[in-house]
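*Asks:* Sequence first, then the predicted structure:
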Amino acid sequence: MAADEATVRVDSWIWSVRLTKTRSLAASACKAGHVRVNGDRAKPAQVVRPGDEVRLRHAGRERIVVVKQLVRKRVGAPVAAECYVDKSPPPPPRADALAAGVRDRGAGRPTKRDRRELERLRGLRDAP
């Protein structure tokens, strides 16, 4: 049984073009349903071809890429960027991320009152 040269496994391709750090993370994302190929949930062994749209939910954001070139082995970042067309929405600005509350050293655990004030500041709780 000869392997078709015009296809690559989706988990291998995601790892090869540096969308995930490891191939096992890519396979886990596929098994968890975080990867879609042309709108359908993808298993790790599903094949991708040039022109396929791959959607990956990873690290708190969704990446939408169109396969431009197939690679079987992990490549450098400049080469990886040429293997797909990125149609992802821009990541949220870092300024929107809430800063963690900083407590004085040795102040101990926050009291219930402190916790409620922090939640009110963060907008997680309505004012009394």
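*Replies:* Arrived safely. Numbering: from 1, shown residues only.
*Asks:* Let's verify Arg57: helix, strand, or coil?
*Replies:* Secondary structure for Arg57, judged by DSSP: H, G, I helix; E, B strand; the rest coil, is strand.
*Asks:* Which pLDDT value belongs to it?
*Replies:* Note for Arg57: predicted pLDDT of 92.
*Asks:* Same question for Arg109.
*Replies:* The model reports Arg109 with a pLDDT of 87.
*Asks:* For the longest helix along the chain, output the C-alpha coordinates as CSV.
*Replies:* Ranked by residue count and defined by DSSP state H, the top helix of the chain is helix 112-122. Provided in CSV are the C-alpha atoms of helix 112-122 (Å, rounded to 0.1, in the frame of the first residue of the first chain):
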residue,chain,number,x,y,z
LYS,A,112,-13.6,37.2,52.3
ARG,A,113,-14.0,41.0,52.2
ASP,A,114,-10.8,41.4,50.2
ARG,A,115,-11.9,38.7,47.7
ARG,A,116,-15.3,40.4,47.2
GLU,A,117,-13.6,43.7,46.5
LEU,A,118,-11.2,42.1,44.0
GLU,A,119,-14.2,40.5,42.2
ARG,A,120,-16.0,43.8,42.1
LEU,A,121,-13.0,45.5,40.6
ARG,A,122,-12.6,42.8,38.0
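*Asks:* tell me the mean pLDDT over that helix?
*Replies:* 85.
*Asks:* centre of the chain versus it, how much separation?
*Replies:* Relative to its parent chain, helix 112-122 has a centroid offset of 31 Å by CA atoms, centre = their mean, to the nearest Å.
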